[in-house]
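Participant: Any chance you can model this:
(2 chains)
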Number of protein chains: 2
Amino acid sequence: MTSTEADQWLDSVAFNSDGLVPAIAQDAASGRILMMAWMNRESLALTAESGKAVYWSRSRGKLWRKGESSGHEQLVQQIQLDCDGDTIVLCVTQQGGIACHTGRESCFFRTLDNGQWNITETVLKDPNQIYRKS
Amino acid sequence: MTSTEADQWLDSVAFNSDGLVPAIAQDAASGRILMMAWMNRESLALTAESGKAVYWSRSRGKLWRKGESSGHEQLVQQIQLDCDGDTIVLCVTQQGGIACHTGRESCFFRTLDNGQWNITETVLKDPNQIYRKS
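Facilitator: Numbering: from 1, shown residues only, chains lettered A, B, ... in the order given. Below you'll find the model as predicted:
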């Protein structure tokens, strides 16, 4: 496969004016939606190549290799693209069972109930234990 | 409940500079991710109030009551918010079992396989049968 052929699938992705596409990570076993983050072309290519989720951190302005500091890597089982080509779904095996920086399985731990956001997911591990100071 | 109290939960949502937030619709029964669309404050409020998904159509620049032309409404079982407050998950019952305008269950019907996007979901109903001319 030449590099041009290798890149063709990336040309089908409709990155926005900032060169980014939203990527939804879903647990391959439970179906739980774990998080949504952004990818640029490079991070999507690296994700496909390495089999581990690599996002683009908008706040830090650099590649974000998920789990690089926490160990909570996401092993990518499938990459899916929607009809418009502007959103990605990653089916992942979540290492450590924790995707959220708060120590929860999923970032979507607040549920609307009678006009209030209730916390509906427990902290599995203290974030201070996840992000150790070196 | 006063209208100010009724709006407090909306103040926790971090709409972007365009006043929008991505909303992921997930089938409440199967866990399948059906689609991702955008909401503004009004559409999110209407979704919570009516129990049916209302998005903001960026291309048409107006409210998009999902299913208004196809009948494929989404009955909202749960609304979840992520840790950053900038992404919504809707757990929905998908009327007609079809979320995508192509007549498929999910918009995410393309799966990456060996550097190519393969179509991995069948068309359940011809779009011409879904969107009848009046």
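Participant: what ranges do the strands span in chain A?
Facilitator: Along chain A, the stretches classed as strands by DSSP state E are A:21-27, A:33-39, A:54-57, A:62-65, A:74-81, A:88-94, A:110-113, A:116-119.
Participant: Which part of chain A gets nearest to chain B, residue-wise?
Facilitator: Here chain A gets closest to chain B at one residue, A:Gly31, 2.9 Å apart by Cβ to the nearest Cβ. The C-beta positions use only the backbone N, C-alpha and C, and glycine is treated the same way.
Participant: give the contact list for the residue nearest to the spatial centre of chain A.
Facilitator: With distances taken as Cα atoms, centre = their mean, the residue of chain A nearest its centroid is A:Ala25 (4.6 Å). A:Ala25 sits next to A:Ile33, A:Leu34, A:Met35, A:Met36, A:Ala37, A:Ala53, A:Gln74, A:Val89, A:Leu90, A:Val92, A:Gln94, A:Ala99 when contact means Cβ atoms under 8 Å, 6 or more residues apart in numbering or on different chains.
Participant: if you set the cut-off to 7 Å instead, what comes out?
Facilitator: Contact partners of A:Ala25, counting by Cβ atoms under 7 Å, 6 or more residues apart in numbering or on different chains, are A:Leu34, A:Met35, A:Ala53, A:Gln74, A:Leu90, A:Val92, A:Ala99.
Participant: Repeat that for A:Lys52.
Facilitator: Residues counted as contacts of A:Lys52 (Cβ under 7 Å, 6+ apart) are A:Glu73, A:Gln74, A:Leu75, A:Val76.
Participant: Please apply the same query to A:Ile88.
Facilitator: A:Val21, A:Ala23, A:Met39, A:Leu44, A:Ile79, A:Gln80, A:Leu81.
Participant: again, 6 Å this time
Facilitator: A:Val21, A:Ala23 (Cβ atoms under 6 Å, 6 or more residues apart in numbering or on different chains).
Participant: before we move on, what about A:Asp82?
Facilitator: By Cβ under 6 Å, 6+ apart, A:Asp82 lies in contact with B:Cys107, B:Phe108.
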